[in-house]
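> What follows is a predicted structure for the sequence shown.
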Amino acid sequence: MDNPYDRIPYLGRSHQQTHIEKIACIPFLFDIPFPDVHHARVLELGCGDGSNILNMAYSLPNATFVGIDGSEVQITRGQESISITGISNLELFHCDLLDVDSSFGTFDYIICHGVYSWVPSHVRKTILQICSQRLSTNGIAYISYNALPGWRMYSMVREMMRYHVRHIREDHKKTEQSIAMLQFVGQHLVDPVDSYGAFIRETMEHLSHSTSEYIFHEYLEENNQAFYFHEFIDSLEEHNLQYLGNTDFNTMNNLHFPEETQNILDEISNNIHNLEQYMDFLRCRRFRCDLLTHNNRELAREVTLNPFTKGYFTLSAFHAQDENLTPKDIFEDILENIFIESQQKALKDIPIFAHTIQSLFEHWPQYVHFDDICSYVQNRTMDFSQGDKVEIAALLQTLLLRNTIDLHLFQPKIATEVSHRPCASLVARAQIRYQFSISNQHHTMVALKDIWMRKILPYIDGKHTFEELFSIMQGFVHEDPSLHEQEASFHKAKLREFLSILLQKGVLVS
């Protein structure tokens with residue numbers, strides 16, 4: 001049977017929200033038992049070339065990972081990456097989701113990202129059946145899907161694009177013409193300044209920065225079904241599953257809304273399902289990343305300060321892919337614009353809080369444990385007490401609810417400086433063989449635009465000194481117009497800059 005993902009493979013990507021550590025953070029916050037991520041057994045349904053779980057397997061060598069996908073081309077590519085990296089705790093299988101049975105065993109975490117909305121209804125039922133039958137006792141499943149009401153507008157764009165290319169057979173022409181049609185609509189709107197015009201222009205801008213394979217599979221595939229949250233919840237009942245939470249923790253509460261809105265939401269919502277559905281209405285949410293577990297488990301979703309005294313933290317804005325945005329810019333923006341409501345002061349005006357943010361800033365790209373944050377603050381204040389620790393934990397809770405920081409459960413091997421023999425992660429060096437984007441140790445993606453960067457990355461393997469890397473770089477100069485006919489000192493500066501970028505983006509490992 002013809003598989004469109006064989007014809008147009010997806011680029012291998014790491015999705016931060018799918019990392020089992022990110023998944024485990026939700027029950028961690030609620031003090032709900034969850035499987036140890038370091039020794040977990042993990043299944044990814046629709047794994048593509050396996051890049052997502054390959055990166056997890058690299059950072060969690062004592063866990064076991066299994067990926068399945070219906071695209072033989074993508075699985076073959078993934079198996080080549082496994083062979084090149086020598087990662088031994090991951091297996092990839094070319095098979096249909098309908099073929100997953102008891103022979104696969106049980107899993108502590110099941111990941112299904114970018115699949116549920118893009119398959120027929122009988123396959124969606126199979127996905128939920130797999131989650132029900134193959135999850136361990138305290139296991140957690142992750143399923144993402146296009147959500148309503150937000151996706152409704154994008155569905156309109158998809159329908160226009162599909163109409164325009166309905167008679168075109170060649171995949172690449174379909175993609176080209178679908179974008180051309182959207183540009184035509186954007187340039188010839190009857191009222192370019194109304195809400196419709198603004199949305200079309202925004203979508204054009206978004207797709208102009210998207211890859212052709214994303215556009216093809218997201219907008220032109222036959223199957224793309226969006227759901228209201230309550231519809232998804234209703235579908236869980238027959239499979240003996242229940243909703244645990246969402247990987248976007250800040251979206252599970254109504255504290256972002258004005259007090260009047262909070263009061264109304266509390267009045268009309270008698271459970272978390274109703275509350276989240278109404279908040280989806282208010283946010284016009286278009287995508288959800290929901291977590292499921294067995295429905296025989298008792299779930300209490302109360303968050304105390306205790307988890308915040310045990311976790312690691314980073315500034316979430318530092319994960320932005322905007323190369324023009326420096327950590328210093330982000331840091332200053334946070335200090336200027338995040339307020340503590342009870343005091344109506346900016347963080348920069350409250351020393352203990354400013355020092356907390358400063359500690360995250362200075363330790364980047366590494367994660368910072370709560371105890372290390374407290375030690376940092378203590379070394380910079382005259383008086384420091386147990387009460388100050390409580391204040392720091394409360395601040396971290398506030399910042400997490402505001403989506404300003406990320407919570408982590410362990411410290412991956414991330415370099416803190418460019419060493420004499422710098423080393424990029426095995427996964428990044430494997431991925432650069434066939435694509436321009438690489439995974440980092442934060443489980444996000446980094447785009448390498450210059451040809452020489454992509455060619456030299458495999459040599460940043462911990463075996464070559466800076467001078468040796470520079471010599472190798474010289475051999476690639478003729479292939480990159482930006483380096484052609486430049487002085488050697490310019491090339492050395494570019495190499496230092498590249499290594500600095502890899503360090504700041506969390507690609508270099510210790």
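Noted; the coordinates are in hand. Numbers count the residues shown, from 1 in each chain.
> Output the lowest mean pLDDT helix or strand found in this protein.
Ranked by mean pLDDT, DSSP states H and E, the weakest helix or strand in the chain is strand 339-340, scoring a mean of 52.
> in the stretch 101-250 of the chain, which spans are helices?
121-134, 151-164, 171-187, 195-208, 212-215, 229-236 (DSSP state H, counting those that start in this stretch).
> The top strand by length along the chain vs helix 121-134, what angle?
Longest strand in the chain, counting residues (DSSP state E): strand 135-146. If you take axes from the mean of the first three to the mean of the last three C-alpha atoms, to 10 degrees, strand 135-146 sits at 150 degrees to helix 121-134.
> buried set for strand 135-146?
By 16 or more other C-beta atoms under 10 Å, the buried positions in strand 135-146 come out as Leu135, Ser136, Gly139, Ile140, Ala141, Tyr142, Ile143, Ser144, Tyr145, Asn146. For the C-beta atoms, the positions are set from N, CA and C on the backbone; glycine is no exception.
> Output the below-cut-off pLDDT ranges for the stretch 401-510 of the chain.
The model of the stretch 401-510 of the chain has pLDDT under 70 over residues 483-485.
> same thing but at 50, please
Along the stretch 401-510 of the chain, no part satisfies pLDDT under 50.
> can you map out the helices along it?
426-431, 451-456, 466-474, 488-504.
> got a markdown table for these, with mean neighbour count and distance to Asn89 too?
Formatted as a markdown table, the helices of the stretch 401-510 of the chain follow (neighbours: other C-beta atoms under 10 Å; distance: least, C-beta to C-beta, whole Å):
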| stretch | mean neighbour count | distance to Asn89 |
| --- | --- | --- |
| helix 426-431 | 25 | 13 |
| helix 451-456 | 20 | 27 |
| helix 466-474 | 16 | 30 |
| helix 488-504 | 16 | 25 |
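> Reformat those as TSV; add distance to Phe93.
Shown next, in TSV, are these (distance: least, C-beta to C-beta, whole Å):
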stretch	distance to Phe93
helix 426-431	19
helix 451-456	30
helix 466-474	37
helix 488-504	32
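> Which among those is found nearest to Asn306?
helix 488-504 (32.3 Å; C-beta to C-beta).
> and that closest one, what other elements does it pack with?
Packing contacts for helix 488-504, counted by 3 or more C-beta pairs under 8 Å, 6 or more residues apart in numbering; DSSP states H and E, involve helix 451-456, helix 466-474.
> Now find how far off-centre that helix is within its chain.
27 Å (C-alpha atoms, centre = their mean, to the nearest Å).
> That helix vs helix 466-474, what angle?
Angle, helix 488-504 to helix 466-474, by the same axes, to 10 degrees: 110 degrees.
> Just say helix, strand or coil for Leu292.
Here Leu292 is recorded as strand under DSSP: H, G, I helix; E, B strand; the rest coil.
> That one and Tyr116, how far apart?
For Leu292, the distance to Tyr116 equals 11 Å [C-beta to C-beta, to the nearest Å].
> what is in contact with the two at once?
Ile143 (C-beta atoms under 8 Å, 6 or more residues apart in numbering).
> Just list whatever residues bridge to the residue nearest to Cys95 when sequence neighbours are not counted.
Nearest-residue entry for Cys95: Ile68, 5.3 Å, with adjacent residues in sequence omitted and distances by C-beta to C-beta, 6 or more residues apart in numbering. Judged by DSSP bridges, the bridge partners of Ile68 are Leu45, Phe93.
> count of residues packed around Ile68?
22 (other C-beta atoms under 10 Å).
> if I pick it, what's in contact with it?
Listed by C-beta under 8 Å, 6+ apart, the contact set of Ile68 reads Leu43, Glu44, Leu45, Gly46, Cys47, Leu92, Phe93, His94, Cys95, Leu97, Val100.
> what secondary structure does the first one sit in?
Counting by three-state DSSP, the backbone at Leu43 sits in strand.
> Just the pLDDT for it.
The score at Leu43 is 98. That number is its pLDDT.
> doesn't Leu97 make contact with it?
No. The criterion here is C-beta atoms under 8 Å, and Leu43 misses it with Leu97 at 10.9 Å.
> Same drill for these two, tell me which one is more crowded.
Set Leu43 next to Leu97 and count neighbours by other C-beta under 10 Å: Leu43 wins out with 27 against 19.
> how close does the residue nearest to that one when sequence neighbours are not counted sit to Glu417?
Once flanking residues are discounted, Leu43 sits nearest to Phe107: 4.3 Å by C-beta to C-beta, 6+ apart. Distance, Phe107 to Glu417, by C-beta to C-beta: 38 Å.
> In TSV: the helices and strands packed on helix 488-504, plus distance to Tyr434.
What follows is the helices and strands packed on helix 488-504, written out as TSV (distance: least, C-beta to C-beta, whole Å):
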stretch	distance to Tyr434
helix 451-456	10
helix 466-474	20
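> hang on, the earlier thing: show me the contacts for the residue nearest to Leu43.
Ala40, Arg41, Val42, Leu43, Val66, Arg134, Leu135, Ser136, Gly139.
> Buried subset of the contacts of Ile68 as a PyMOL selection?
Only the buried members of these end up in this PyMOL selection, burial being decided by 16+ other C-beta under 10 Å:
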select buried, resi 43+44+45+46+47+92+97+100
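> Now the contacts of Ile68 in JSON lines, please, with extra columns for distance to Tyr58.
Output for these, formatted as JSON lines (distance: C-beta to C-beta, whole Å):
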{"residue": "Leu43", "distance to Tyr58": "17"}
{"residue": "Glu44", "distance to Tyr58": "14"}
{"residue": "Leu45", "distance to Tyr58": "20"}
{"residue": "Gly46", "distance to Tyr58": "20"}
{"residue": "Cys47", "distance to Tyr58": "15"}
{"residue": "Leu92", "distance to Tyr58": "14"}
{"residue": "Phe93", "distance to Tyr58": "19"}
{"residue": "His94", "distance to Tyr58": "22"}
{"residue": "Cys95", "distance to Tyr58": "24"}
{"residue": "Leu97", "distance to Tyr58": "25"}
{"residue": "Val100", "distance to Tyr58": "24"}
